[in-house]
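my questions are about this predicted structure, shown below with the sequence.
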Amino acid sequence: MNYTELKANIADICEQSFTEDQLDMFTDQAEQKIYNTVQIPALRRNQTGNLTVSNKYLVFPTDFLYPFSLAVIGA
C-alpha cells in the first residue's frame, strides 16, 4: 500500500473527505503513536555507570528517547 492508497482508504473508512493538511496530520500522528507504542528492540540502548555519594547522576546515551528500565545492583 502506498500513501495515495492509504489516503483513499482513510476517506472510505471515515466516509468523509479530508484536506491534504488533515490527512498529513492524521498520518503523522498515527506514525508517532505507533512509534511510541511499539518497543523496537533495535532502538534500545544500555548505559552503565557508578553510583557514588558525590555523583548521583547517570549520563544518558546521546540518542536517548525514554527510559525502559533502571536497575541498581549493589556489590
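On my side now, so go ahead. Numbering: from 1, shown residues only.

tell me the helices and strands packed up against the lengthiest helix in the chain.
Using DSSP state H, we find that the single longest helix of the chain is helix 20-37. The contact analysis (3 or more C-beta pairs under 8 Å, 6 or more residues apart in numbering; DSSP states H and E) places helix 20-37 against helix 3-14. Any C-beta I mention is one placed from the backbone N, CA and C, and that applies to glycine too.

quick check: angle from the longest helix of the chain to helix 3-14?
Relative orientation of helix 20-37 versus helix 3-14 (axes from the mean of the first three to the mean of the last three C-alpha atoms, to 10 degrees): 90 degrees.

pLDDT weak spots in this structure?
Applying pLDDT under 70 to the chain flags residues 75.

list the contacts of the most centrally placed residue in the chain.
Central residue of the chain (C-alpha atoms, centre = their mean): N36, 3.1 Å from the mean position. Residues near N36 by C-beta atoms under 8 Å, 6 or more residues apart in numbering: none.

at 10 Å what do you get?
N36 is in contact with 65-66, counting by C-beta atoms under 10 Å, 6 or more residues apart in numbering.

how far away is I13 from Q39?
Noted for I13: a distance of 27 Å to Q39, by C-beta to C-beta, to the nearest Å.

next one: the residue nearest to the centre of the chain from L51, what distance?
In terms of C-beta to C-beta, N36 sits 29 Å off from L51.

ditto for I73
10 Å.

higher neighbour count, these two?
L51 (11 against 5; other C-beta atoms under 10 Å).

tell me which element that one is part of?
For L51, there is no enclosing helix or strand under DSSP states H and E.

nearest residue to it other than its sequence neighbours?
Of all residues not flanking L51 in the chain, V72 sits nearest, at 6.6 Å (C-beta to C-beta, 6 or more residues apart in numbering).
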